[in-house]
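Visitor: quick check, what structure comes out for this input:
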Amino acid sequence: MTRLLVVGGGIAGTGAALALHKAGHDVAVYEAHPDSAEDIGAFLTLASNGMRALAEVDASAAVTSIGFPLTSMRVLDDTGAEIAQVPLGEAGTPHLRYRCVRRGDLNAALQAEVTGRGIGIRHDMRLVSVDDGPDGVTAQFADGTTATGDLLIGADGLNSTVRGLTASDRRPVYSGQQVFYGYTRQAPPASRPETITMVRGSAVAFGYAVSPEGETYWFARVAGEPLAAADIEHTGPAHLRDLLLPLLGKDSTPAADLVAATSDDLMVTNATELPTGTPWCSGRTLLIGDAAHAASPATGQGASMALEDAVVLAKSLRDAPDTDTALSLYESLRRPRVEHNVTVSGNISRGTHNPSERRPGGGAPTRPGDDELAGHLEWDTELRLPAT
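Guide: Numbering: from 1, shown residues only. The predicted model follows:
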């Protein structure tokens, strides 16, 4: 049994803990946030590939108990006319259906699943240093405590402390869009159950889905210069509505009415990404999830890719003869796929994407490894280095 330290208790960290524990490792999770509700405001969509990864670590029920399923996607043009409607992911398989969830709810559900399996998770543990020695790797935390293991996994997100300590020259960069998120109790008259609607507006890329309770979850992606950190932290909902409504008012779609009906549940962030080629391994330290390959949100794959990482890492450590070989196997299987997603998502955000990269109707782009993914994730299938 290998002793593994997971730094970060978000989606990547909890997913890794569940997968590594299933593979028979001794796992402990260290989370800097004092509770499970970090980033509770924003929502995300787990795609079928992410739901498949959760199924392989027996965690489907924890996630299907929150949020709501999405089984189809329709696309509107700037006049409000429907130009496409397509099934979404593996809509015919209930536990693999896309799922729209609040990020904080997902974090809480996965952390509860971790603790329910007897995996230790400690909150308010801010990492300050990593010491990679001949007999193990030691993490030191701000409260003066330390933890030593055979491998430290940095799953601490976009602004990763682990990455700052091991690959300090690699930092997130702006990918070309401001992203607004909001919730309103108003639902468009033509809303459809289990459907996400994408609006190809003249100035804004907009999307929305309506929960079974009648609450509309919406996002808007706006090209332009990044907002200053102070503007993001201290700008109120009224100002954010004022920024969006003139852009949305040019079109005859439900978007402007949804934003106008949103009161306090409105937030904004800058879309960012990590440059491809960021080193993942440094001695006994490995980066996964957004800490390794953060992408802009345009393809909606960040959480699902992190959950894929978790399963493939656990299987690599299980199937390879030693840790070095396992990490090489993991990186050879994951890097082409996730970096393709970073590139495509960034190109969409910057408006430079090739339309042929997207499926008919505006669906998720095809990615390297799509055909092999089920085998990579299937728990009882052995992983091997790709043939050269």
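Visitor: for residue 28, see how far away residue 134 is.
Guide: Going from residue 134 to residue 28 by Cβ to Cβ, to the nearest Å gives 21 Å. The C-beta positions use only the backbone N, C-alpha and C, and glycine is treated the same way.
Visitor: between the two, point out the one with more neighbours.
Guide: Here residue 134 and residue 28 are compared on neighbour count by other Cβ atoms under 10 Å; more neighbours surround residue 28, at 18 against 5.
Visitor: contacting residues for that one?
Guide: 3, 4, 5, 6, 119, 120, 121, 122, 147, 149 (Cβ atoms under 8 Å, 6 or more residues apart in numbering).
Visitor: that one bridge partners, please.
Guide: According to DSSP bridges, the residues that bridge with residue 28 are residue 5, residue 120.
Visitor: what about it, distance to residue 149?
Guide: Going from residue 28 to residue 149 by Cβ to Cβ gives 8 Å.
Visitor: okay, and the common contacts of the two?
Guide: Residues within reach of residue 28 and of residue 149 at once, by Cβ under 8 Å, 6+ apart, are 3, 4, 5.
Visitor: give me the buried entries from the residues you listed.
Guide: 4, 5 (16 or more other Cβ atoms under 10 Å).
Visitor: residue 163: which element?
Guide: Assigned by DSSP states H and E, residue 163 falls within helix 161-166.
Visitor: in PDB, list the C-alpha atoms belonging to that helix.
Guide: Extracted C-alpha coordinates of helix 161-166, given in PDB (Å, rounded to 0.1, in the frame of the first residue of the first chain):
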ATOM      1  CA  THR A 161      -0.100  26.300  -4.500                       C
ATOM      2  CA  VAL A 162       1.500  23.000  -5.400                       C
ATOM      3  CA  ARG A 163       2.200  24.200  -8.900                       C
ATOM      4  CA  GLY A 164       3.600  27.500  -7.500                       C
ATOM      5  CA  LEU A 165       6.100  25.500  -5.500                       C
ATOM      6  CA  THR A 166       7.100  23.000  -8.200                       C
END
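Visitor: what sits up against that helix?
Guide: With Cβ under 8 Å, 6+ apart as the test, helix 161-166 has contacts from 7-8, 32, 126-127, 129-130, 152, 154, 156, 170, 278-279, 282, 285, 287, 291-292.
Visitor: just these: which are in strands?
Guide: Using DSSP state E, the members of those that fall in strands are 7, 127, 129, 130, 152, 154, 282, 285, 287.
Visitor: cool, thanks, signing off.
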